[in-house]
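Undergrad: Sharing a model that was predicted from the sequence below.
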Amino acid sequence: MIARVWAPTARKVGIVAEGVERPLSPSGADDGWWVDDRELPLGARYGFRLNDDDQVLYDPRGRSLPDGVHGISEVVDTTPVDVRDWAGRPLGNAVLYELHIGTYTPDGTLDSAIERLDHLVELGVDFVELLPVNSFNGTHNWGYDGVAWFAVQHSYGGPAAYRRFVTACHERGLAVIQDVVYNHLGPSGNVLPRFGPYLRSDARNTWGDAIDLAQPEVRRYILDNARMWMQEYGVDGLRLDAVHALVDDGPVHLLQELAAQTDALATELGRPLTLIAESDLNDPVMIEPRGAGYGLTAQWSDDYHHAVHVALTGETEGYYSDFDSLGALAKAATRGFFHDGTYSSFRGREHGRPIPPEVPTTRLVTFAQDHDQIGNRATGDRLSASLSVERLRVAAVLTLCSPFTPMLFMGEEWGASTPWQFFTSHPEPELGAVTAQGRIEEFARMGWDPDVVPDPQDPETFLRSKLDWSEVDRSPHRELLELHRELIALRHREPEFADPRFEMLSAEWDDTVGWFVLRQGRLEILVNLGGETWSSPGTGALLLATSPAVAADPHGVHLPPDSAAVVRRSAADRSND
């Protein structure tokens, strides 16, 4: 490896490698880059000294931090992962599975996660979406406090284990989406401002100073990081965290630039590559074609989650308040966004913009549970903590029969009883105390009892959040898992689920009785959340039911309370609608 680093404000830069220090030279292009023409061998530990500082800093582009974000870098193999036998996967009609390496298995490592990949193959999912794996402060964390964007967290196994994980996924036909955070840096171990103007002092977001996207080299830092994951490690796409927090006043938005680079790289590599945005803007600019929009592959739809959550739980506090009718689910299921220019009482203003009908439905990722919607509850409780098994089965239908791109959160497929709570492991006592107190105050403002909010710094909070794999073989978890397998197989088998046209969608509902119908071509998803048996008129083939008490006869389909069914209507029934 040839050492080079961008440090435009430094008077001099030295490299300390294997205990020996020598100076770097300016690149000669007056661009702020410093270089050293001597090769560093694999395994060498190295860092940079700026000016005459006492501290030796890790390489902002280094791939490995064996001693964590307060240590120095290690030279590792950066040869691209061999993907010649992997054709990749397009996102269309795929099912995603979101998981956190640290809590997916008891060991919490990439290698132990490999041992559970066959479970995902049997489940039928197509994409594994990993929460952030880049280096963060401490030994366990959600990953959104990362600071070294190019380094893989050492407690997960480091870059070599990450390579093994991606290869193992591809060998089993699973594509990999990597969650990345380009909107902020964590509170400890962040050395980037020491090297150059990576952050803005005049703009902040929820988590701190905004990234300075006006700096060409900062933009390049992000673009090169994205390229690293897809080219060097062979991942199939990125999930872009909270893109609404990216402050970009330039003529071409960073996201559009990233989409263009990704499309070009996909052509170069000969396989599809995916970019999925998390955005709370409800603005289709994310997924509209470049020119009209940014040209990303997809974006999350929180509105669909909110509508499903309210329908199943009856909760209407906070941002759930506008979703108290099954009509909200009908709108989110047929138009993508519920708030598409309508008044949001939670925000106190009009919010969103309609999705043009020509945009494919596959460009929205939908879910009933995810890491945020579980982990940002005071106790990290899943739906399984409050819903009956019957309603969990309905949740599975609403998730996996979504007309969009469905996503499961790890353990959801068997109704995991373990919570998924907010946890950190900051070694600095003062930072740990501030984090814990901030969490308590946040939920106190929302009316939660502070005594029920887990301490994120308590190791037990992390351990409680690990999946209990012994549940898979016990009832009722075993039966719920089998339903998820059947639903995914049904989704892959029935052609209507692959039809990306909004014009094929329609819905009806009755809040008083508690029924909901979603039509996708000749398929109907029938849901009864009322207290009495409900009958949907018309004939058709019953493809799947969540209860053996669901019955179909010449008079219609009959659903007991808290049940759902998937029906293929006859052509005659559809013509009479």
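TA: That came through fine.
Undergrad: show me where the stretch 301-450 of the chain has helices.
TA: 302-313, 326-335, 371-375, 389-400, 429-445 (DSSP state H, counting those that start in this stretch).
Undergrad: low pLDDT regions in this structure?
TA: Low-confidence segments of the chain, defined by pLDDT under 70, are located at 446, 571-577.
Undergrad: can you give me the helices for the stretch 151-300 of the chain?
TA: Ranges of helices within the stretch 151-300 of the chain are 158-171, 192-195, 216-227, 254-269, based on DSSP H, counting those that start in this stretch.
Undergrad: Of those, which stretch is the most buried?
TA: Burial of the helices of the stretch 151-300 of the chain is given as mean neighbour count (mean count of other Cβ atoms under 10 Å); helix 158-171 ranks first at a mean of 21. C-beta here means a position set from N, CA and C on the backbone, and glycine is covered the same way.
Undergrad: could you say what helices and strands it packs with?
TA: Judged by 3 or more Cβ pairs under 8 Å, 6 or more residues apart in numbering; DSSP states H and E, the packing partners of helix 158-171 are helix 110-114, strand 146-152, strand 175-180.
Undergrad: Adding distance to residue 135 and mean neighbour count as columns, could you present the ones you listed in CSV?
TA: Converted to CSV, those look like this (distance: least, Cβ to Cβ, whole Å; neighbours: other Cβ atoms under 10 Å):
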stretch, distance to residue 135, mean neighbour count
helix 110-114, 14, 21
strand 146-152, 4, 25
strand 175-180, 13, 24
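Undergrad: and those as a markdown table, adding distance to residue 534?
TA: Shown next, in a markdown table, are the helices and strands packed on helix 158-171 (distance: least, Cβ to Cβ, whole Å):
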| stretch | distance to residue 534 |
| --- | --- |
| helix 110-114 | 42 |
| strand 146-152 | 48 |
| strand 175-180 | 38 |
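Undergrad: Any idea which of the ones you listed gets closest to residue 567?
TA: Of all the helices and strands packed on helix 158-171, it is strand 175-180 that lies closest to residue 567, at 31.1 Å by Cβ to Cβ.
Undergrad: what's the angle between the closest one and helix 216-227?
TA: Strand 175-180 and helix 216-227 are oriented at 150 degrees to each other (axes from the mean of the first three to the mean of the last three Cα atoms, to 10 degrees).
Undergrad: In its sheet, which strands sit next to strand 175-180, and in what direction?
TA: Paired with strand 175-180 in the same sheet, following DSSP bridges, are strand 127-130 (parallel), strand 237-240 (parallel).
Undergrad: how about a markdown table for the helices of the stretch 301-450 of the chain, with mean neighbour count and distance to residue 491 added?
TA: A markdown table is the format used below for the helices of the stretch 301-450 of the chain (neighbours: other Cβ atoms under 10 Å; distance: least, Cβ to Cβ, whole Å):
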| stretch | mean neighbour count | distance to residue 491 |
| --- | --- | --- |
| helix 302-313 | 24 | 16 |
| helix 326-335 | 22 | 15 |
| helix 371-375 | 20 | 22 |
| helix 389-400 | 23 | 6 |
| helix 429-445 | 14 | 36 |
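Undergrad: among the helices and strands packed on helix 158-171, which is nearest residue 475?
TA: Residue 475 lies closest to helix 110-114 among the helices and strands packed on helix 158-171, at 26.1 Å (Cβ to Cβ).
Undergrad: Thanks a lot, catch you later.
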